[in-house]
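A.B. asks: Generate coordinates for the sequence data below:
(one chain, ligands or ions: 1)
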Amino acid sequence: MEQIFPENWAVLHLGLIFAVTLAQMLVVYVLSDSSNPPAGLGLFTVYFMAALLGWIAFTLQQGASTPLAVDVPAVAAILNSYILFIAAGQRAAIHAGRVLLGLACLLGCLSAFFLGTGQLFVTQVLLATVFFVAAGVVSAVRCVQEKNVGDLIIAVAAVIMFIGTSLSMYQFIGLDNRLLGQVIAFGAHSWAYVLVAVGFLASVLIEYQQHLSHLATEDPLTRLLNRRGLEDAMRVSMAHASRHDLPTAAIVIDVDHFKQVNDSFGHDTGDQVIRRVAAMIERMCRASDVLARTGGEEFLVILTDTDQVAARSLAERICHAIGERPLLVDQQRIPVTVSLGVAATVGEVDLDALTQEADQAMYLAKRSGRNRVASVESAPVHLSNSAAEA
Ligand SMILES: Nc1nc2c(ncn2[C@@H]2O[C@H](COP(=O)(O)OP(=O)(O)OP(=O)(O)O)[C@@H](O)[C@H]2O)c(=O)[nH]1
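C.D. replies: Predicted coordinates for the structure are as follows:
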């Protein structure tokens, strides 16, 4: 194999790659919350480390007097490009194509045992580019979905690889200028690596910043609004209701005997139950309803342009749907019921007063035996037993 660069350049290159990898890992691990690490962190770490080992093997091979039986750097380049694709796929929660490209990766690695140097170089460069492009596509999708520019930088790395490979193959095969072809492929790979490192770091930092800004208004467990988020979200519709004298209703929903769920099944399962209940309530609400988690196992729904009767009907449906059958969490059937309180007002909305009334109704439902709806009206309090109605 021709010498792609002099030995001192090789050391410089390796030093830079090493520094980028270490800086990357340091920043990401120091910043990441170990209980809630960024998606794909583990696999990206494997990619960075595998790439580093590949560069080291390549540098050693450059300086070696007798070449090895198998081109280790070529195999490492194929493998770690595939790992990048898997890592980007995990981060974007897109798992398509893993088996197919995995088979291509396996064949590529095996080809190192019987292909000549030139053929192996072409195979390595083409396969690595296919994997980079696949990683770039899933990262571009994530960039659009999560509005995270960091993922776009990873997609740019794929473009660099694609352009670099095209030029490299043109030189290597088209013009038979093998050394230049190798230098271009090597350069494209190095730049793509640096862009992936920068892109992943940027993606994690942006995600972290988004997480911090959501913390003020969002409940981290269910991703629903918290009380403050609900107040922010209600501002415009409250003004609208006041101006047009429209009805507004509130439903307070509290899981019954939730302490027993925690005690019997553990806190983690309890968390999952809260998430599932939140998702069920969310599914039954309209897009215009505002849903928040306002306490440990307590939720509040504000329904704009909705009167007491309509709100009560929704509350009954929620009560029935949740209590209807046990929730299946971690292969365990957990019976869950909720108590609901409904209150409504017309015109100007005092959110605190409305919530308090719904809260009082909910406590009344608890006192009356749970798994039911109670509502507060100007007329006497009305109670229903969902279990009896079901
Ligand atoms: N798993 C989990 N448990 C929580 C969370 N927040 C609060 N809790 C638990 O929820 C339970 C609420 O208990 P209580 O207020 O006594 O009410 P309850 O057992 O639901 O009984 P009733 O409301 O009277 O039907 C407590 O044990 C809290 O520790 C949470 O985020 N996750």
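A.B. asks: for the ligand, what are the nearby residues on the stretch 101-250 of the chain?
C.D. replies: Within reach of the ligand by C-beta under 6 Å from any ligand atom, the stretch 101-250 of the chain has these residues: residue 221. Every C-beta, even on glycine, is put in place using the N, C-alpha and C of the backbone.
A.B. asks: show me where the stretch 101-250 of the chain has helices.
C.D. replies: According to DSSP state H, counting those that start in this stretch, the stretch 101-250 of the chain carries its helices in the segments 117-146, 149-169, 178-215, 227-244.
A.B. asks: for the closest residue to residue 119 other than its chain neighbours, what are its contacts?
C.D. replies: Distances taken as C-beta to C-beta, 6 or more residues apart in numbering place residue 111 nearest to residue 119, at 7.9 Å, with adjacent residues excluded. Residue 111 sits next to 119-120, 123 when contact means C-beta atoms under 8 Å, 6 or more residues apart in numbering.
A.B. asks: can you put those residues in CSV and add distance to residue 331 and pLDDT?
C.D. replies: Output for the contacts of residue 111, formatted as CSV (distance: C-beta to C-beta, whole Å; pLDDT from 0 to 100):
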residue, distance to residue 331, pLDDT
119, 51, 91
120, 48, 91
123, 45, 94
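A.B. asks: from the residues you listed, which is closest to the ligand?
C.D. replies: Lowest distance from the ligand to these (C-beta to the nearest ligand atom) belongs to residue 123, with 52.4 Å.
A.B. asks: Now do the contacts for the residue nearest to residue 126 when sequence neighbours are not counted.
C.D. replies: Of all residues not flanking residue 126 in the chain, residue 165 sits nearest, at 6.8 Å (C-beta to C-beta, 6+ apart). Applying C-beta under 8 Å, 6+ apart to residue 165 gives the contacts 125-126, 128-129, 185, 188.
A.B. asks: Also residue 237?
C.D. replies: With contact set as C-beta under 8 Å, 6+ apart, residue 237 has these partners: 248, 288, 290, 304.
A.B. asks: what's near enough to touch the last one?
C.D. replies: With contacts defined as C-beta under 8 Å, 6+ apart, residue 304 is in contact with 237, 240-241, 246, 248, 288-290.
A.B. asks: List just the nearest of these to residue 375.
C.D. replies: Distance to residue 375, by C-beta to C-beta, is smallest for residue 248 among the contacts of residue 304, at 14.2 Å.
A.B. asks: So for the closest one, what's the pLDDT?
C.D. replies: Looking at residue 248, its pLDDT is 95.
A.B. asks: wouldn't it be in contact with residue 350 here?
C.D. replies: No. Contact criterion C-beta atoms under 8 Å: residue 248 and residue 350 do not qualify, at 10.1 Å.
A.B. asks: neighbour-wise, which of those two wins?
C.D. replies: The neighbour comparison of residue 248 against residue 350 (other C-beta atoms under 10 Å) goes to residue 248, with 26 against 11.
A.B. asks: Tell me who's in contact with the more buried one.
C.D. replies: Residues in contact with residue 248, defined by C-beta under 8 Å, 6+ apart, are 237-238, 241, 302-306, 344-346, 349, 354.
A.B. asks: Residue 150 too?
C.D. replies: Shown in contact with residue 150 (C-beta under 8 Å, 6+ apart): 143, 199-207.
A.B. asks: Quick check: the residue of this structure nearest the ligand.
C.D. replies: residue 296 (2.3 Å).
A.B. asks: Quick check: the residue nearest to that residue when sequence neighbours are not counted vs residue 265, distance?
C.D. replies: Nearest residue to residue 296, sequence neighbours excluded (C-beta to C-beta, 6+ apart): residue 258, at 7.1 Å. Separation of residue 258 from residue 265 (C-beta to C-beta, to the nearest Å): 11 Å.
A.B. asks: Next: residue 28.
C.D. replies: Separation of residue 28 from residue 265 (C-beta to C-beta): 34 Å.
A.B. asks: Which one's more surrounded, these two?
C.D. replies: Neighbour comparison, residue 28 and residue 265: the larger count goes to residue 28, with 22 against 16 (by other C-beta under 10 Å).
A.B. asks: What helices and strands are in contact with the helix or strand harbouring residue 273?
C.D. replies: Assigned by DSSP states H and E, residue 273 belongs to helix 267-284. With contacts defined as 3 or more C-beta pairs under 8 Å, 6 or more residues apart in numbering; DSSP states H and E, helix 267-284 has these neighbours: strand 247-255, helix 258-265, strand 290-295, strand 298-304, helix 308-324, strand 327-329, strand 332-334.
A.B. asks: run the last query once more with 10 Å
C.D. replies: Judged by 3 or more C-beta pairs under 10 Å, 6 or more residues apart in numbering; DSSP states H and E, the packing partners of helix 267-284 are strand 247-255, helix 258-265, strand 290-295, strand 298-304, helix 308-324, strand 327-329, strand 332-334, strand 338-346.
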